[in-house]
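J.: sequence plus the predicted model coming up.
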Amino acid sequence: MSLRALRPYLLAVLLTVPGLALRFAHPDITPIWIALLSGLAILGASFLLTWACEVAQMDIPQAVAVAVVAFIAVLPEYAVDMYFTWMAGQHPESAYSHYAIANMTGANRLLIGVGWSAIVLIFAGRYHASVALHDDKRTDVLFLGMATLYALLIPLKGSLTWLDGLVFLSIYAWYIWIIARRPCEEEEPEGPAAVLALLSRKARLRAVMGIFIFAALVILCNAEPFSESLVASGKLLGVNEFLLVQWLAPIASEAPEFIVAMMFAFRGNAGLALGSLLSSKLNQWTLLVGMIPGVYAVSSGGFSPSINLDSHQFQEILLTAGQSLFAVALLLDLRLRVREAFWLLLLFTAQLLSPLYDAQLEAMLGLPHDPLRLHHFYALVYLALAAVLMLKNWRRVRQLLMGFRV
């Protein structure tokens, strides 16, 4: 195996070195540099995990691959969010619970608003066609709809409890049980993953396990400094730390998955790319959300009634659930078109930039300032559009339910 073939792995490992050095050397540098270097370390580890997960599915049983590999692939996102959740349980009156919800909602909205849209627009620009999902992805759409409908209850009842976590985890377990029983469809690894695929089975397993262990250690070592320095950087720069946690942290952990998906779309395999991000969305919207109350309960030393959230956090969950339901409505026919991707991107961009213009808009309309007003507005827009699409395409909703198969 040539050194040139291993170059992507060497570059990814080099990205992790400064972050590991920070963990053990504790140099006296500003939080901004700590956030940058630890973020790059998580980015490098994320690339390694992405390639290793693709190769791992060649050698382990399908039932194990679906559950374990899906979890490992999103480990960077989970590590950051679980750190904030654990600290929220240790310090209930702090802002850590807000950061945990911010990171979770930001990651979920990025997947749909940027990830899904980019795949469709890249594919359409190159091949002048919409993106069609494989028929098996009907299960993912259905379970995403189930999880989203339950998520809408959280802001309505005003609590996020460990019982809610059990519901989300049960939905995910049911989904895994179904897809793990299906025949395994072998796919040839591409890009850097193809390099490992050329090894013998024994050597490949050792290499994949080594990458998993190394990447996991890098992520665990850098989750705390990255999370804490991101908050400190916001305070130092006078930037809302909630927004930094919500958007910058998910970008560092999900960039490799986005890049790989966009490469597939560019090469003409957009259905596989969109399907992978659909599975990631379902994973995060069930397993990630479901783990938050449990981790909080263990950290706080008991099964607390609910996490300490305020109206802002519940509005964030409502907005995320609204976007998710709109996305489900768009995928009723297992196809995502250019105009639909455009609306996903436009609405995401509008609500992302809303803090820049909500005060000015309220002043023009003579309304008292309410930072949650536009969040609520966009959530209602998403829900209204989803309702219209589902009523218009009620036959497809019925087909989705009737076509559900184990």
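T.: All right, it came through fine. Numbering: from 1, shown residues only.
J.: and Ser2, what pLDDT?
T.: pLDDT, Ser2: 66.
J.: how about Ala215?
T.: What the model reports as pLDDT for Ala215 is 88.
J.: just Ala252 next, same as before
T.: The score at Ala252 is 73. That number is its pLDDT.
J.: measure how buried the nearest residue to it once chain neighbours are set aside is and give me the count.
T.: Of all residues not flanking Ala252 in the chain, Gly39 sits nearest, at 4.4 Å (Cβ to Cβ, 6 or more residues apart in numbering). Glycine gets a C-beta too; all of them are placed from N, C-alpha and C. Residues lying near Gly39 (other Cβ atoms under 10 Å) number 24.
J.: go on, the one 10 residues further on?
T.: Each residue near Leu49 was counted by other Cβ under 10 Å, and the total is 28.
J.: for it, which non-adjacent residue is closest in space?
T.: Per Cβ to Cβ, 6+ apart, closest to Leu49 is Ala215, 4.8 Å.
J.: so which elements touch whichever strand or helix holds that neighbour?
T.: Using DSSP states H and E, Ala215 sits within helix 201-237. The helices and strands touching helix 201-237, judged by 3 or more Cβ pairs under 8 Å, 6 or more residues apart in numbering; DSSP states H and E, are helix 7-25, helix 31-56, helix 75-90, helix 192-197, helix 241-266.
J.: buried residues, the last one. List them.
T.: Buried residues in helix 241-266, counting neighbours by 16 or more other Cβ atoms under 10 Å, are found at 241-242, 244-250, 252-258, 260-262, 264-266.
J.: ok, residues contacting the helix or strand containing Ala386?
T.: Using DSSP H and E, the element containing Ala386 is helix 373-392. Helix 373-392 has contacts (Cβ atoms under 8 Å, 6 or more residues apart in numbering) with 312, 315-316, 318-319, 321-323, 325-326, 328-330, 332, 343, 347, 350-351, 354, 358, 361-362, 367, 397.
J.: buried among those? Need that as a selection in ChimeraX.
T.: Burial among the contacts of helix 373-392 is assessed by 16+ other Cβ under 10 Å; the matching ChimeraX selection reads:
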select :315,316,318,319,321,322,323,325,326,328,329,330,332,347,351,354,358,362,397
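J.: tell me where the model's unsure across the stretch 201-350 of the chain.
T.: 303-306, 308 (pLDDT under 70).
J.: what sits against Asp164?
T.: Residues in contact with Asp164 (Cβ under 8 Å, 6+ apart) are Tyr150, Ile154, Gly290, Pro293.
J.: tell me the confidence at it?
T.: We have a pLDDT of 92 for Asp164.
J.: that one and Ala173, how far apart?
T.: To Ala173, Asp164 is 15 Å away according to Cβ to Cβ, to the nearest Å.
J.: same check on Met402?
T.: Distance of Met402 to Ala173, computed by Cβ to Cβ: 23 Å.
J.: out of those two, which sits in the more crowded spot?
T.: Using other Cβ under 10 Å as the criterion, Met402 and Ala173 rank with Ala173 on top: 14 against 8.
J.: how near is Glu26 to Ser253?
T.: You called it Glu, but residue 26 is His. Here the criterion is Cβ to Cβ. By it, His26 lies 23 Å from Ser253.
J.: try Leu153
T.: For Leu153, the distance to Ser253 - Cβ to Cβ - is 28 Å.
J.: before we move on, back to that, CSV please, covering the contacts of Asp164 and showing secondary structure.
T.: Shown next, in CSV, are those (DSSP: H, G, I helix; E, B strand; the rest coil):
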residue, secondary structure
Tyr150, helix
Ile154, helix
Gly290, helix
Pro293, helix
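J.: between the residues you listed, which is closest to Tyr78?
T.: Taking Cβ to Cβ as the measure, Tyr78 sits nearest to Gly290 out of the contacts of Asp164, at 11.3 Å.
J.: residue contacts, the closest residue to that closest one other than its chain neighbours?
T.: In this structure, Gly290 finds its nearest non-sequential neighbour in Phe168, 3.2 Å apart by Cβ to Cβ, 6+ apart. For Phe168, the contact set (Cβ under 8 Å, 6+ apart) comprises Ala147, Tyr150, Trp285, Thr286, Leu287, Val289, Gly290.
J.: among those, name the ones in helices.
T.: Residues of the contacts of Phe168 located in helices (DSSP state H): Ala147, Tyr150, Val289, Gly290.
J.: show me which of these are buried.
T.: Using 16+ other Cβ under 10 Å as the burial test, the ones in helices among the contacts of Phe168 include Ala147, Tyr150, Val289, Gly290 as buried.
J.: in terms of contact, does the first one touch Leu282 like I think?
T.: Yes. Checked against Cβ atoms under 8 Å, the pair Ala147 and Leu282 is within contact range at 7.0 Å.
J.: anything in contact with each of those two?
T.: Common contact partners of Ala147 and Leu282 (Cβ under 8 Å, 6+ apart): Tyr172.
J.: can you list contacts of whatever helix or strand Gly275 lives in?
T.: Using DSSP H and E, Gly275 sits in helix 270-283. The contact list for helix 270-283 (Cβ under 8 Å, 6+ apart) reads 70-71, 73-74, 108, 111-112, 115-116, 119-120, 122-123, 127, 131-134, 137, 140-141, 143-144, 147, 172, 175, 187, 254, 257-258, 260-262, 264-265, 324, 327, 331, 336.
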